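Peer 1: here you go, sequence then predicted model.
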Protein chains: 2
Amino acid sequence: MSTAAPAVAQVLINGTWKDADTQSTFQATDPNQNQTLDATFPVSSWSDCDAALDAAADAARKIRRLPAAKIAEFLRAYADEIESAKDDLVNAAFAETGLAKSPRLADVELPRTTNQLRLAADACESGDWAMATIDTATGIRSCFEPIGPVAVFGPNNFPFAFGSVSGGDFAAAIAAGNPVIGKANSSHPETTRLFAVAALKAIQQTGMPAATVQLIYRTSHADGERLVADPRLAATGYTGSRSAGLKLKAAADAAGKPIYLELSSVNPVVITPNALAERGDAIVDEFVTSVLMGTGQFCTNPGMVMLVRGESSDQFIDAVRQKFESTAAGTLLSPAVAKSLSSSVQTLVDYGAKLITGGGDVESDRCAMANTLMTVDGKSFLGNPDGFQTEAFGNASLMVVCDDLEQLCQAISHLEGNLTGCVYSATGSSDEDVYRKVEFELKPKVGRLLNDKMPTGVAVSPAMNHGGPYPSTGHPGFTAVGIPASMIRFGKLTSFDNIRAERLPALLANANPTGKTWRRIDGTWSAGDVS
Amino acid sequence: MSTAAPAVAQVLINGTWKDADTQSTFQATDPNQNQTLDATFPVSSWSDCDAALDAAADAARKIRRLPAAKIAEFLRAYADEIESAKDDLVNAAFAETGLAKSPRLADVELPRTTNQLRLAADACESGDWAMATIDTATGIRSCFEPIGPVAVFGPNNFPFAFGSVSGGDFAAAIAAGNPVIGKANSSHPETTRLFAVAALKAIQQTGMPAATVQLIYRTSHADGERLVADPRLAATGYTGSRSAGLKLKAAADAAGKPIYLELSSVNPVVITPNALAERGDAIVDEFVTSVLMGTGQFCTNPGMVMLVRGESSDQFIDAVRQKFESTAAGTLLSPAVAKSLSSSVQTLVDYGAKLITGGGDVESDRCAMANTLMTVDGKSFLGNPDGFQTEAFGNASLMVVCDDLEQLCQAISHLEGNLTGCVYSATGSSDEDVYRKVEFELKPKVGRLLNDKMPTGVAVSPAMNHGGPYPSTGHPGFTAVGIPASMIRFGKLTSFDNIRAERLPALLANANPTGKTWRRIDGTWSAGDVS
């Protein structure tokens, strides 16, 4: 309420910036200096969650009365506001994450973020996401409708594109017609606050319900679990560590609440001997670029390479080692990430992984660790497959060197669920038999299969699956990236049986609601009217 | 292995009928006589589950190598075998469930079952279910692929159409390319065994993997929980009681395994005063037919009617009472159902529901209870909404009589998730304001909204949602009935990123795999080739 800058940042509840019911406070760290930043943020008590849930439940009712075009208008206005606040957002995110201002934050992640919001606006307005299905013979029609208030827990590694009140889960939830309660990632609270400022401006410009977007920075673990299980909440999107995510999952599951999780993934890359023999140097370059990009802090970072032992694998490992050693180690997102990476590498070494290079600190005040390459032989891997799949989130990778193709396939069959799996093979047809064997084992384990391409890039495509079998996510049928597929997660399937024509939602009326919405009418996909 | 009829029925594991590793045995009851049937069935030990899981995992690998047309061929052959075994199936189900041979079993449920299998075969062959999505700009393509071995726990009330190895979950799981381990409902084990006999014939005729369909009859609760969480199992379909279902859900959730549940529903029917004034007699007839059909043992039975107090509601309740009293009480499926119904009615009465008629036994040896009608006023309902939503599965219904529309809407807002919700209103436009208010509260609570129609029928339509918010099911985005939508539950979304053309699955190749498969190509649904 005060116009002076508050000593502790305020939470955004029901359209008002207000002092949190504060249990304690926290500050983020500038990882480039390894110094605590001045801005102070509240750890909210349950009463803040309670107020946000009440307001969200009310907003959900109001949004249900609005036309899709109004929601789309908000999403577009918000994208514009983000562009207006670009310099502040980039500066804040740089200070809090150490990610490069350019090209990463300003020229890649920010445009991706506004693009996602605008694609979500289009999908919302068109209604294509809702899978409208019309069966004239039985008089039954169905579509997805808003699920209700959604909580979004964003990760540390994409302060914009996966942000709690700006990213993919947020865009999907809003575009499906739901209000969002954002829980900021504790490593970049100021960045998230600036997004919420921009969102509130867009809310006010477009006349959306005040609680369409709300923001809390942090709660106790117990309150987080209470939040995702609350009767007023409908669903949760979470991207982050497996341990915290599984606690939220247990709480949401017990209450029968959908929770969509993106937890962890080592993203195996299989490289055949023929591929290495044919273009080993090029693959070294592709791999090193991918694994060190963003200091390896991508959900789809290639944290595991699977090879068959031989001269070509020795050369490959040695070439990667040289590149790792000659490339400056990037900055990690926070002291916590640095500590976790160091600990995971130590765990892998304790299990028996051989440290080829790295593993230690770099001479710098930054949050950083030397680029780290480890190897393990196939037999050892098979002796402890779970242990050797410990995710080392950051600039580290483990090469599993198998005796032969059979052992390689056996190792793949012991993989957990992953977001991605890649196969590099010879460009001709000489590897087709090998490929078929590898693909047969690998495909069931991954959400996205790649050929001759590193997994790091996650295109915002309607065909993208940024998802995968457990424990990479909580359900193998959903994607967190890609419009409109990611919106389905925040929809409730509803059939309309014998509903009078004038009472049907516009999406299911005989007349096509936009003149171009795709609907499945009597088994035929059509952008026309019901004849 | 023996050719003589075994004293205890054998389980079907990996294509072989074999003696179970038996912990104990059980027998079903003929509810028309309330007498134990002769046939004896094994309660399997974990070793039977373990063997079935090994075989299912192997079968899943084999099925993945088969063309969709082969799976479709099996489903059609199985439908034919069911028709050949019709008399035996009808006789067995009649003895075990008391459901009428005709029309119910022979002329309604059996044709529905074979129709579902043939629709599933068509959907499997066409590939329409898999939501193939092609993005030529990014080179990414996606579709749903088989999820892996599926366990199906069928309910007591549809021995054919929802049977563990014959019903909707079964058909959807198989058509999506997965083997099924059926867990028979303990109230109709012989019926389920006969289906498995027919399924094995179809497996052998069509050369499907031996473990495509397996059957166990019963396990301990602990082994059931272990089964749904086993690493070799991919997903579970369950229809049955809420208490047993939630235990399986907890076990599956903890292991990160999808489980699709259909648990319970009171299926509220709201009838406006104007509708009663206009056509009360007709609505009485519709309601009584629906609520007593199958002795009320439908998932979509209208167990709750919501009215506004007045002369018309008094007349309606009295007319229903008269019909309840003049209609012979049907036979319940089993002694357990009779006991549970009696207990639930007592619970409702203990909470304060007024018994208008019924509530006691009928003079007969049959498993039966008098047709039971109860009422409760709106204020009392609002004082204990959870209690008054106790499901009384069978020929019973509770009428909630509210003081006015406001109280009615408040009562609706306290409903749990339900499969269905109906609104009866005046045929003209006089009720439109009332309808809008009621619909606004009711729609978020139900999977299927109806107008002027009772909920009992569940058409096998592509637009059907036989699902709903928790606790009617475990997730509001999935339907258990309706081809192809129900198949998605047993699919795993997979993206193919930069995959060489010759390595793409047929569904995602440039050429349309069947010449008529619907695919979303660059945002446009098309049954053609990629241009």
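Peer 2: Thanks, I have the structure now.
Peer 1: contacts, neighbours, all on C-alpha from now
Peer 2: OK.
Peer 1: just name the shakiest helix or strand of chain A by mean pLDDT.
Peer 2: Of all regular secondary-structure elements in chain A, judged by mean pLDDT, DSSP states H and E, the least confident is strand A:22-26 with a mean of 92.
Peer 1: against which helices or strands is it packed?
Peer 2: Here strand A:22-26 touches strand A:41-44, going by 3 or more C-alpha pairs under 8 Å, 6 or more residues apart in numbering or on different chains; DSSP states H and E.
Peer 1: pairing partners for the least confident helix or strand of chain A, with directions?
Peer 2: strand A:41-44 (antiparallel) (DSSP bridges).
Peer 1: how about the least confident helix or strand of chain A: buried residues?
Peer 2: Taking 16 or more other C-alpha atoms under 10 Å in any protein chain shown as the neighbour-count basis, strand A:22-26 is seen to contain the buried residues A:22, A:26.
Peer 1: using CSV, write out every CA atom in it.
Peer 2: In CSV, the C-alpha atoms belonging to strand A:22-26 read as follows (Å, rounded to 0.1, in the frame of the first residue of the first chain):
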residue,chain,number,x,y,z
THR,A,22,6.1,-13.1,6.7
GLN,A,23,7.6,-16.1,8.4
SER,A,24,11.1,-15.1,7.5
THR,A,25,12.9,-13.6,4.6
PHE,A,26,15.5,-14.6,2.0
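Peer 1: how far does it sit from the chain's center?
Peer 2: Taking C-alpha atoms, centre = their mean, to the nearest Å, one finds the center of strand A:22-26 at 27 Å from the center of the full chain.
Peer 1: chain center to the next helix-or-strand element following it: distance?
Peer 2: Next in sequence after strand A:22-26, counting helices and strands by DSSP states H and E, comes strand A:29-30. Put simply, strand A:29-30 sits 22 Å off its chain's centre (C-alpha atoms, centre = their mean).
Peer 1: one more: stretch A:21-40?
Peer 2: Put simply, stretch A:21-40 sits 24 Å off its chain's centre (C-alpha atoms, centre = their mean).
Peer 1: repeat for stretch A:410-426
Peer 2: The offset between the C-alpha centroid of stretch A:410-426 and the centroid of the whole chain comes to 20 Å, using C-alpha atoms, centre = their mean.
Peer 1: and that stretch, average pLDDT?
Peer 2: Confidence over stretch A:410-426, taken as the mean pLDDT, stands at 98.
Peer 1: also stretch A:49-63?
Peer 2: When pLDDT is averaged along stretch A:49-63, the result is 98.
Peer 1: and that stretch, C-alpha only, in CSV?
Peer 2: What follows is stretch A:49-63, C-alpha atoms only, in CSV (Å, rounded to 0.1, in the frame of the first residue of the first chain):
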residue,chain,number,x,y,z
CYS,A,49,-1.6,-19.0,0.3
ASP,A,50,-5.1,-19.0,1.7
ALA,A,51,-5.8,-15.5,0.5
ALA,A,52,-4.4,-16.3,-2.9
LEU,A,53,-6.5,-19.5,-3.2
ASP,A,54,-9.7,-17.7,-2.3
ALA,A,55,-9.0,-15.0,-4.9
ALA,A,56,-8.0,-17.6,-7.5
ALA,A,57,-11.2,-19.5,-7.0
ASP,A,58,-13.2,-16.3,-7.5
ALA,A,59,-11.1,-15.4,-10.6
ALA,A,60,-11.7,-18.8,-12.1
ARG,A,61,-15.4,-18.3,-11.9
LYS,A,62,-15.1,-14.9,-13.5
ILE,A,63,-12.8,-16.1,-16.3
